[in-house]
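A.B. asks: Could you look at this predicted model? Sequence included:
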Amino acid sequence: MPEHVVIIGSGPAGWAAAIYASRANLHPLVFEGAETEENRVAGTLPLGQLNLTTEVENYPGFPSGHLHDYIRTAVVKDRVETYLEPLHEHPHAVTGPELMNLMRQQAVNFGTKIVTDDVVSVDLSKQPYKLKTLGGEQHEALTIIIATGARANYLGLPSEERYKNRGVSACAVCDGALPRFRNKPLVVVGGGDSAVEEATYLTKYASSVHMLMRRDVFRASKIMQDRAKSNGKIKLHYFREVDQVLGDDKAGVTGVRVKNNQQGGTEDLPASGLFLAIGHTPNTSFLNGQLELNDKGYIKYTTLMRTFTSKEGVYAAGDVADDYYRQAITSAGTGCMAALDAERYLASKGL
Ligand code: NDP
């Protein structure tokens, strides 16, 4: 029997869709992704990008406070122990991993089925649609909600590739506490909210953090810009790009050769790490061209204010179809919309 609703992805969009679809008695099946080393390096592990962040200050309903007791009673014990940081003594905003485990738990409570594996290919040529997992399982689905999100971009330099995992990273929260980065200067590339967030986080460990921006303006919100400018450990460098990552086989990254894109010339900054925060790429390769994408590669919505894609019964939610808002709350919102769209489609077909 084909599944009524399959949801691919386990960020806020995926769990919001699962909560709505399970409460509609559609018994959704979520593929939450595989816990592989490849996914770790690419930043595509289960629970999505929020699981790689620290505190989430702007998700409605979670003002800063003593959230510890609530979270520990809401999430099943074994996941608290395996996936969540120990007690924060001080009042704090909900963390990304806490928020994602709460969402997952809420979906589980309503009967969502979960497979901890990647969907590696789909066949959308006819209904029921077919899906194949990394582990070789085959599934069929009457409707599919694609909520696979986006992953961090890299610059594409050969020297960057050489030192990935040896000083080059796109996730300060995942890697920042490693011994190699402690009390050493670090470099962050980018001028958006992510770059400020990463640089601020890294100041906990680094002796100083150089932020390289290719223009002389931030893309980050005003509050985040002020945070970077007022942090004595962060040094801002405008009109600067990475020319080459410097290092050797033994030490990994030892510095960054930086070019001035206004006046020419390069300068070598000593650093034990390079962190990229230069935007994202949607996770759509498993679709193999079967859905229409926009010119930036994000899934195209075919109808205004609906989560419809170019295939009937296939919906998109969250960052995989959003190159503009990209917030946890907007992702959760489109996840809810996709589940309602799937429910109404199934009802219209009498399924
Ligand atoms: P953004 O697209 O906002 O910013 C990307 C930054 O990287 C820009 O400064 C851009 O420069 C720079 N950049 C892009 N490509 C290159 C390149 N090849 N070389 C050098 N620099 C490059 O991405 P973010 O990931 O920062 O943010 C994505 C979304 O997530 C945003 O909507 C943001 O608001 C949100 N977010 C919110 C947070 C919060 O606290 N609320 C935290 C983190 C993210 P340029 O401007 O010149 O193009």
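C.D. replies: Okay, I see it. This one's a predicted model, so the numbers in the text were calculated from it and none came from an experiment.

A.B. asks: what's near enough to touch whichever residue of the chain sits closest to the ligand?
C.D. replies: Nearest residue of the chain to the ligand: residue 192, at 2.3 Å (CB to the nearest ligand atom). Where C-beta positions appear, they are placed from N, C-alpha and C, glycine not excepted. Under the criterion of CB atoms under 8 Å, 6 or more residues apart in numbering, the neighbours of residue 192 are 218, 219, 220, 277, 278, 279.

A.B. asks: most neighbours, which of those?
C.D. replies: residue 277 (24 neighbours; other CB atoms under 10 Å).

A.B. asks: Can you say which helix or strand has residue 342 in it?
C.D. replies: helix 328-348 (DSSP states H and E).

A.B. asks: helices or strands next to that helix in the packing?
C.D. replies: Judged by 3 or more CB pairs under 8 Å, 6 or more residues apart in numbering; DSSP states H and E, the packing partners of helix 328-348 are strand 3-8, helix 12-23, strand 138-146, strand 314-316.

A.B. asks: can you put these in a markdown table and add mean pLDDT, distance to the ligand and mean neighbour count?
C.D. replies: Formatted as a markdown table, the helices and strands packed on helix 328-348 follow (pLDDT from 0 to 100; distance: least, CB to the nearest ligand atom, whole Å; neighbours: other CB atoms under 10 Å):
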| stretch | mean pLDDT | distance to the ligand | mean neighbour count |
| --- | --- | --- | --- |
| strand 3-8 | 98 | 21 | 26 |
| helix 12-23 | 98 | 13 | 29 |
| strand 138-146 | 98 | 19 | 23 |
| strand 314-316 | 98 | 18 | 29 |
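
A.B. asks: Identify, from the contacts of residue 192, the entry nearest to residue 72.
C.D. replies: Closest approach to residue 72 among these (CB to CB): residue 277, at 31.5 Å.

A.B. asks: Does that closest one touch residue 202 like I think?
C.D. replies: No: counting by CB atoms under 8 Å, residue 277 sits too far from residue 202 to count as a contact (10.5 Å).

A.B. asks: any residues in contact with both of these two?
C.D. replies: residue 188.

A.B. asks: pLDDT value on the residue nearest the centre of the chain, please?
C.D. replies: Geometric centre of the chain, nearest residue: residue 49, 2.1 Å, by CA atoms, centre = their mean. Residue 49 carries a pLDDT value of 92.

A.B. asks: can I assume it is in contact with residue 319?
C.D. replies: Yes: judged on CB under 8 Å, residue 49 makes contact with residue 319 at a distance of 7.4 Å.

A.B. asks: Please identify every residue contacting each of those two.
C.D. replies: Residues touching both residue 49 and residue 319 by CB under 8 Å, 6+ apart: 11, 149, 150, 280.
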